[in-house]
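Colleague: structure for the following, please:
(chains A and B)
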Amino acid sequence: MPLSDPELEDLLADMESDRVERKESAQAADKIGQAICAFANDLPDHRLPGVLFLGVKDDGRPAGLAITDQLLQNLAAHRDQGNLLPPPSMTVRKVVLHGQELAVVEVQPSNTPPVRYKGQIWVRVGPRRGLANGDDERRLNERRRSLDLPFDARPQQEATLADLDRGLFSDTLVPSLVPAAVLAANGRSTEQRLAALRLTTADGIPTTAGLLTVGKDPLRFLPGAYIQFLRVAGDSLADPIVDEKRLDGPLPALLRTLDELLRINIRVAVDITGGPLESKTPDYPVAALQQVVRNAVMHRTYEHTNSPVRLTWYLDRIEVVSPGGPFGVVTTASFGSGITDYRNPTLAEMMHGLGYVQRFGAGIPITRKGLADNGNPPPEFEPTESHVAVTIRSRS
Amino acid sequence: MSAPVITFFNNKGGVGKTSLVYHIAWMLADLGHRVVVADLDPQANLTTAFLTEEEIERLWSGAGPGRTVWGTIRPFQEGEGGLGSSTLTTTGDDRLALLAGDLELSAFEDDLSASWPKCLDGDPRAFRIISAFWSVLQSAASQHAAEYVLVDVGPSLGAINRAALVASDFVVIPVAPDLFSMQGLRNLGPALQKWRTGWRQRLAIDLPGRIALPQGRMDALGYVVLQHGVRLNRPVKAYQRWIQQIPDVFRTSVLGSQDHSPAPAIDADPFCLGQLKHYRSLVPLAQEARKPIFFLSHADGAYGGHLQAARDAHGDFAVMAERIMERISEAVEPRST
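Modeller: Numbering: from 1, shown residues only, chains lettered A, B, ... in the order given. Here you go, the predicted structure:
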């Protein structure tokens, strides 16, 4: 429920409140990202949205900033750029208070704290903003206990720390997700790091995301967490199967083998007679396929299902089916129209850190563009209540 | 003072200069600064590090004037009006903008070469030609609200580089520890000195009308040692020997020092801005991914030890970038007091 104008006016006038920040312009993008991050973390535990006003001076007087559509879009883009992880819930709008146009960014407290901006946890300390220290981090980790968590941040009660591959965590995840400056500054233990990245609870019980990302055997706890690859010599499942593989393992291994598998299966036609220069044309653009399958892994449901992501490679097309229908604000009707939501925010953060997702909300546009540039027909999306299916057709 | 222009210059090619500029530019942006990186090398290698072939093709062959350095200068050089404003190309980071290079820039060489002596006759056009790079860089810097302008130039002591250096406040010299690079360093010092005094002479000339002109400071901030383990598949012989010579050669040739007391060891030399090792197997990964080695991720193929090496590289470049900024502020401060 967005704040009403009188509520906003009160907040704007309240010079003491730590739920408010004022900025004269949108110049310093980093500062705005940090402010959103701090509000999403809600260290003072207000359980109320934090508000960032743009177009006002520190003392509350108007700064005469023109609130353009572009400005509002740039503000909204903070959510999907991948710098704020997990993506916070926020709204951006233009309001007129006391006859003055302002841009208002309203940030809801996250239900999976800590939220990071560029790898660092920002919090409000009184009227100022600062980096979280070890104690703040612990408080944020503890807070998750009392919140209604997304499935991937919930503990898997039967699992223990011994089910996580510590080597993989410290060699691959930590250098990927924690900026070097932070690593140098704080000597936290592996257990603390696991909890702060939501791979375990504050008590050290692995979460779903923890088992999927660095679990020694994720399938023991999440029997559907694999990709079923099938290559068929024909255009229906009744035709002979020429290859069948099951891709599983912790996330970094899964995504790496997936990339290899896609590259091996793509065929590149080389034309040496059609023109003065030889031209190479793949039957499918690898970037588009990667987007589709990586998004299936990221957005699928891991709850109440033993179903894998199915990747079926026919002679004329590829079908990718992932369990779980559109999630949250995305519905079967609005699917693909630019609205995004995250069923597995922690998993999204891991995939971003590992470099498999560059920015959020870009998967479908990248897929469409990749296919169009390569001369393939556009992708066909079929979102249903229980599944999302994507069909990609070969170049004819 | 407007944004300082820092040119990376060495007249021995193949030492990894362009890659150094590319990485320092990304690092300065990553440290939160607004940076313009300009490619004044007619080989346009820096531009290829940022853009794919298709993107470059669009820059070079699009309708209207090319969206490159030369695209801005050319109409003016051909006598069709004044210098327009520069066209910048965006990169993956909005704090970092590229002023793209152009193979046709080499066509400017003759005019630059002929204009240099004509300045002495008080010819205003000659001054405008010689300072064209400067105008383009300043226009780019103010458009992008840049704090630093980094310039990559080709390995030569020709007229293009002379004009690029006249436009520069500072010079960083990348050196490889080998015979060729050391000899290059010996030739470069006197050339810099000659250009600096040559430009001062020209600045003293009374011109009709007011033309904004660069100061042509060309202050040598220091050098960066790029350690390549191999050249032509043969290990470079005893390169430690060359490394030890660098502080001395830099002082006598580049700084023109008459002081004959021994130079400090390289690790204690304040002019040594950094010593970079060769990030062997990371380089092809980074070129493939079109990003600096310190941003390589698991998805780019940097696993295990490679990932660790990429993170270490982040530290090395951060230290060097901080050092360069520190030296610039030291050089700028005393003048303003």
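
Colleague: give me the three-state assignment for the residue in the stretch 201-350 of chain A positioned nearest to chain B.
Modeller: Proximity of the stretch 201-350 of chain A to chain B (CB to the nearest CB) peaks at A:P252, 5.5 Å away. For every residue, glycine as well, the C-beta is placed using N, CA and C. Per DSSP: H, G, I helix; E, B strand; the rest coil, the secondary structure class of A:P252 is helix.

Colleague: what stretches of chain A score poorly on pLDDT?
Modeller: A:1, A:186 (pLDDT under 70).

Colleague: returning to what we had before: number of residues surrounding the residue of the stretch 201-350 of chain A closest to chain B?
Modeller: 25 (other CB atoms under 10 Å in any protein chain shown).

Colleague: surely it is in contact with B:H298?
Modeller: Yes: at 5.5 Å, A:P252 and B:H298 qualify as touching, with contact defined as CB atoms under 8 Å.

Colleague: got any residues that touch both of these two?
Modeller: Both A:P252 and B:H298 are contacted by A:T172, A:L354, under the criterion CB atoms under 8 Å, 6 or more residues apart in numbering or on different chains.

Colleague: what's the spacing between the nearest residue to B:E288 once chain neighbours are set aside and B:K291?
Modeller: Spatial nearest neighbour of B:E288, chain neighbours left out: B:D300 (7.4 Å); criterion: CB to CB, 6 or more residues apart in numbering or on different chains. Per CB to CB, to the nearest Å, B:D300 is found 7 Å from B:K291.

Colleague: quick revisit: the residue of the stretch 201-350 of chain A closest to chain B: what's it in contact with?
Modeller: A:L168, A:T172, A:L173, A:T213, A:L354, B:H298, B:Y303.

Colleague: enumerate the residues of the stretch 1-150 of chain B near chain A.
Modeller: B:G32, B:D94 (CB under 8 Å from any CB of the partner chain).

Colleague: which intervals of the stretch 1-150 of chain B have sub-threshold pLDDT?
Modeller: B:1, B:62-65.

Colleague: I'd assumed A:V95 was in a strand, is it?
Modeller: Yes: the assignment for A:V95 is a strand, going by three-state DSSP.

Colleague: that one and A:L102 touch, don't they?
Modeller: Yes: the criterion here is CB under 8 Å, and A:V95 meets it with A:L102 at 5.6 Å.

Colleague: the two: which is more packed in?
Modeller: A:L102 (21 against 18).

Colleague: spatially nearest residue to that one, not counting backbone neighbours?
Modeller: Per CB to CB, 6+ apart, closest to A:L102 is A:G55, 4.5 Å.

Colleague: what is the neighbour count of that neighbour?
Modeller: Neighbours of A:G55 (other CB under 10 Å): 24.

Colleague: quickly note the distance from it to A:L97.
Modeller: 10 Å.

Colleague: next one: B:P284
Modeller: With distances taken as CB to CB, B:P284 is found 55 Å from A:L97.

Colleague: between these two, who's got more neighbours?
Modeller: A:L97 (19 against 10).

Colleague: just give the nearest non-adjacent residue to the residue lying farthest from the centre of chain B, would you?
Modeller: In terms of distance from the mean C-alpha position of chain B, B:G304 ranks first, at 33.4 Å (CA atoms, centre = their mean). Once flanking residues are discounted, B:G304 sits nearest to A:D171: 5.7 Å by CB to CB, 6+ apart.

Colleague: give me the number of residues near the one you found?
Modeller: For A:D171, the neighbour count with other CB under 10 Å is 17.

Colleague: with B:G256 instead?
Modeller: 12.

Colleague: and it, which of the three is it?
Modeller: coil.

Colleague: what's the answer for A:G64, then?
Modeller: Once three-state DSSP is applied, A:G64 turns out coil.

Colleague: spell out which residues of the stretch 151-300 of chain A are next to chain B.
Modeller: Near chain B, when you scan the stretch 151-300 of chain A using CB under 8 Å from any CB, you find A:D171, A:T172, A:P175, A:S176, A:A180, A:A184, A:P252, A:L255, A:R256, A:D259.

Colleague: surely the residue nearest to B:G304 and B:Q308 touch.
Modeller: Yes: counting by CB under 8 Å, A:D171 touches B:Q308, with 7.2 Å between them.

Colleague: hmm, back to that, most neighbours among the contacts of A:P252, which one?
Modeller: Busiest of these [other CB under 10 Å] is A:T213, holding 32 neighbours.

Colleague: which strand or helix spans that one?
Modeller: In the assignment (DSSP states H and E), A:T213 maps to helix A:208-214.

Colleague: what's next to that helix, contact-wise?
Modeller: A:151-154, A:156, A:159, A:163-166, A:168-169, A:173, A:194, A:198-200, A:218, A:221-222, A:225, A:250-252, A:302, A:344, A:346-347, A:350.

Colleague: out of these, which are buried?
Modeller: The neighbour-count test (16 or more other CB atoms under 10 Å in any protein chain shown) marks A:151-154, A:156, A:159, A:163-165, A:168-169, A:173, A:194, A:198-200, A:218, A:221-222, A:225, A:250-252, A:302, A:344, A:346-347, A:350 as buried among the contacts of helix A:208-214.

Colleague: please enumerate the helices of the chain.
Modeller: Just going to use chain A. A:5-13, A:29-41, A:69-77, A:134-143, A:166-168, A:174-177, A:180-185, A:190-196, A:208-214, A:218-221, A:251-265, A:286-299, A:345-353, A:363-374 (DSSP state H).

Colleague: that answer is for a different chain, and I need it for chain B
Modeller: B:17-30, B:45-50, B:53-61, B:69-77, B:109-119, B:124-130, B:132-144, B:159-166, B:179-203, B:239-249, B:282-289, B:304-336.

Colleague: which residue does the stretch 1-150 of chain B bring closest to chain A?
Modeller: Closest point on the stretch 1-150 of chain B to chain A, by CB to the nearest CB, is B:G32, at 6.4 Å.

Colleague: measure that residue to B:F295 for me?
Modeller: 15 Å.

Colleague: do you know how far the residue nearest to A:R138 when sequence neighbours are not counted is from A:V123?
Modeller: Distances taken as CB to CB, 6+ apart place A:A202 nearest to A:R138, at 7.1 Å, with adjacent residues excluded. Separation of A:A202 from A:V123 (CB to CB): 17 Å.
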